[in-house]
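Student: Just a sequence and a predicted model for now, questions to come.
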Amino acid sequence: MQNNIFSGLFVGQNLLTLKEVDSTNNFLKTLLSNSKPVPEGTVIMAESQFAGRGQQNNQWHAEPGKNLTFSVLLKPSFLAVTDQFDLTRAISLAVYDTLCPILGNQLKIKWPNDIYYGDKKLGGMLIENLLQGAVIKSAIIGIGININQENFPEGATNATSVKQILQKDYDIRDILADICNHIEAYYLALKAGKIDFVRNGYLSRLYWFNQRKRFRAGGEIFEGTITGVKQNGLLVVNKGGEETTYNLKEIEFLNKE
Ligand code: BTN
């Protein structure tokens, strides 16, 4: 009998691997709209996505068969809509804690939910919540991580992969299983009300936290310091002694220039 590397109780126990799909998030959404109930923790993984979606209506490109592209179904009905960013925190931590033993502490979570190594993007997530009144009925957690891809298109100068960093191939399924196990642990911590553990953990791994850096917001370039993330997920930046909060569309991190 093959060992089940998914050691949790539910995340990854129902795993469907597809050769090709438009987007694993879309696939899961369609599955949910059919009448048959889909168990919590279901994972849809694809070897190749031909219309992978990223944040802010961007596309997500990944070389077929070399990277992790998958979606997880969670049903966090215990979470108020106003606290939905806690789910983003928990999932970011799960991905981080899986990759940190492999890559070391140059790994960071870039607000709101990118995974960075140094100043390069290793992965990201697209979390789509289906709300019912004031609670989250189900959450489709789409995760993309660059694993064994060696080269990126010319435009993607900011992208990196585990292979580019370590010059070594990794087993995609092993990493998937590890992420699923960590997701389950952080999700159960959230469910048990360990909010401070999740919020503090997120801040302690945050890219540029408490460092003076350059940003662009409202047409202006300025130096400021990230001092926190609000309960609702807005970024708090201190600029000249004054704190301002931003959503994703409102602020840009300026790495170079
Ligand atoms: C981002 O950083 O912009 C988010 C990227 C999320 C990509 C993943 S790949 C699996 C899932 N399916 C999608 O279409 N998108 C997410």
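Tutor: Looks like it arrived, so ask away. Numbering: from 1, shown residues only.
Student: For stretch 234-245, which outside residues touch it?
Tutor: 111-112, 215, 217, 222-230, 246-247, 251 (C-beta atoms under 8 Å, 6 or more residues apart in numbering). (Each C-beta comes from the backbone N, C-alpha and C, glycine too.)
Student: Buried residues of that stretch, list them for me.
Tutor: When burial is assessed from 16 or more other C-beta atoms under 10 Å, stretch 234-245 yields the following buried residues: 234, 235, 236, 237, 244.
Student: and which of those residues is nearest to the ligand?
Tutor: Within the buried residues of stretch 234-245, the smallest distance to the ligand is 16.0 Å, found for residue 235 (C-beta to the nearest ligand atom).
Student: name the helices or strands packed onto the lengthiest strand in the chain?
Tutor: If each strand of the chain is counted by residues according to DSSP state E, the longest one is strand 120-132. Counting contacts by 3 or more C-beta pairs under 8 Å, 6 or more residues apart in numbering; DSSP states H and E, strand 120-132 is packed against helix 24-33, helix 85-103, strand 114-117, strand 135-145.
Student: what's in contact with the third one?
Tutor: Residues outside strand 114-117 that contact it (C-beta under 8 Å, 6+ apart): 92, 95-96, 99, 103, 106-110, 121-124, 145, 160, 165, 207.
Student: go with 6 Å
Tutor: 95, 103, 106-108, 110, 121-124, 160, 165, 207 (C-beta atoms under 6 Å, 6 or more residues apart in numbering).
Student: contacting residues for the residue in the chain that the ligand sits nearest to?
Tutor: Nearest to the ligand, among the residues of the chain, is residue 124, at 2.0 Å (C-beta to the nearest ligand atom). Each residue near residue 124 by C-beta under 6 Å, 6+ apart is listed here: 114, 144.
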